[in-house]
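A.B. asks: what's the 3D shape of this:
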Amino acid sequence: MATELDELLGFLSSPSPQVKKAAVDIVRGLTGSDEGLLPLAARADVALPALSRLIRDSPELSVPAAEALINLSQNPTLADKLVSLGAVPTAMDALYKHSDQKVARPLIMLLANLTQVDSGSAALLQVGDDKMEGLYISKLVRSFCRSSSVESTAEDTFEHVASILVNISKVQAGRKVLLDPKRGLLKQVIRQFDSTNLLRKKGVSGTIRNCCFEADSQLQNLLLISEFLWPALLLPVAGNKVYSDEDRSKMPLELGNALSHVREQVDDPEIRKQALEAIYLISLQEAGRRALWSVNGPRILQVGYEDEEDPKVMEAYELIGSLLVGNGEVEQS
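C.D. replies: Alright, predicted model coming up:
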């Protein structure tokens with residue numbers, strides 16, 4: 001089997017496009033099962049460079065090559081190897097070289113897998129390259145935000161950028177790039193929270209939550225975008241009741257208007273929990289608590305808590321409540 005596999009992998013570098021196409025289709029098929037993945041993983045030193053080269057090729061070759069690499073890169077060791085082979089810049093170059101949407105989707109999914117390892121996040125963030133740092137992320141955010149307004153097909157080509165953003169925001173270098181007010185990336189990302197696509201919505205809420213881990217040093221930059229930040233954090237946890245005129249009079253327009261009618265609730269408890277965790281991280285800072293009071297946030301949390309049934313989400317409400325009570329601020333109006 002080893003010799004047959006070596007021969008097959010050799011065909012990935014054939015000068016004949018037809019031979020390469022047949023070989024890459026077979027390799028992609030092998031990666032679809034553990035039985036096929038294991039021998040390929042054992043020959044990663046041959047398979048990974050050959051497949052990486054093909055993602056720069058024509059769509060007929062780059063799509064199956066990228067799909068094979070998606071399956072292989074679910075293994076963190078292989079993902080690290082791919083990153084060391086330069087797969088991140090290769091995928092980014094191929095992504096913006098082809099205008100073909102069929103190519104873009106698997107390349108984005110590959111980058112989502114590669115950024116699950118620290119080396120992949122660092123490569124996508126271009127850490128250590130002062131002139132280029134954040135350039136790839138800026139491009140991806142632009143594509144992510146533009147595509148949502150034009151996607152009319154069932155398949156959202158750039159939806160997996162949401163997962164990439166969650167991955168890179170788990171590291172400090174990623175949070176720094178996203179929170180840089182000159183780039184304005186987090187502001188663009190937050191506006192995707194209105195998307196009907198659950199993957200986008202969850203990605204945005206996870207990214208905001210991760211960025212709020214910098215609230216002790218970056219609170220000012222977070223509050224610079226408060227007109228987008230508070231609706232994204234408070235509306236998912238506001239319940240679906242109509243709020244009184246008195247409650248809404250103490251809120252900014254973007255919150256008050258949204259709470260003046262019955263709304264569809266955010267069904268996903270993970271999104272509600274992430275929103276509450278972000279509010280908690282902001283509220284750990286005195287200026288953050290003041291900002292929360294300034295939009296009548298505690299009242300929203302009080303009403304939302306009354307409707308909540310998920311025990312983990314209820315715990316997250318209670319944590320913020322105890323923080324506000326602990327600081328003697330619960331009676332503020």
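A.B. asks: any low-confidence regions in the stretch 1-150 of the chain?
C.D. replies: Counting by pLDDT under 70, the stretch 1-150 of the chain shows low-confidence ranges at 1-2, 99, 148-150.
A.B. asks: how about the helices of it, start to end?
C.D. replies: Secondary structure of the stretch 1-150 of the chain, counting by DSSP state H, counting those that start in this stretch: helices at 2-11, 17-30, 34-42, 44-54, 59-72, 76-84, 87-97, 101-114, 118-125, 135-150.
A.B. asks: repeat for the stretch 201-333 of the chain
C.D. replies: In the stretch 201-333 of the chain, the segments counted as helices under DSSP H, counting those that start in this stretch are 215-223, 226-234, 245-249, 253-258, 269-283, 286-294, 297-307, 311-326.
A.B. asks: Can I get those in CSV including distance to residue 104, mean neighbour count and mean pLDDT?
C.D. replies: The C-beta positions use only the backbone N, C-alpha and C, and glycine is treated the same way. Listed next are the helices of the stretch 201-333 of the chain as CSV, based on distance: least, C-beta to C-beta, whole Å; neighbours: other C-beta atoms under 10 Å; pLDDT from 0 to 100:
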stretch, distance to residue 104, mean neighbour count, mean pLDDT
helix 215-223, 31, 17, 94
helix 226-234, 26, 22, 95
helix 245-249, 42, 13, 95
helix 253-258, 33, 15, 93
helix 269-283, 26, 23, 97
helix 286-294, 38, 17, 95
helix 297-307, 38, 19, 94
helix 311-326, 35, 16, 92
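A.B. asks: okay if I get these as CSV plus distance to residue 44?
C.D. replies: Listed next are those as CSV, based on distance: least, C-beta to C-beta, whole Å:
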stretch, distance to residue 44
helix 215-223, 39
helix 226-234, 41
helix 245-249, 59
helix 253-258, 50
helix 269-283, 34
helix 286-294, 46
helix 297-307, 49
helix 311-326, 39
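A.B. asks: With residue 21 as the reference, name the closest of those helices.
C.D. replies: Among these, helix 269-283 comes nearest to residue 21, with 40.9 Å by C-beta to C-beta.
A.B. asks: Distance from that closest one to the middle of the chain?
C.D. replies: Offset of helix 269-283 from its chain centre (C-alpha atoms, centre = their mean, to the nearest Å): 16 Å.
A.B. asks: repeat for stretch 31-50
C.D. replies: 27 Å.
A.B. asks: For that stretch, give me every contacting residue.
C.D. replies: 1-2, 5-6, 9, 12-13, 27, 29-30, 67-69, 71-72, 75, 78, 81-82, 85, 87 (C-beta atoms under 8 Å, 6 or more residues apart in numbering).
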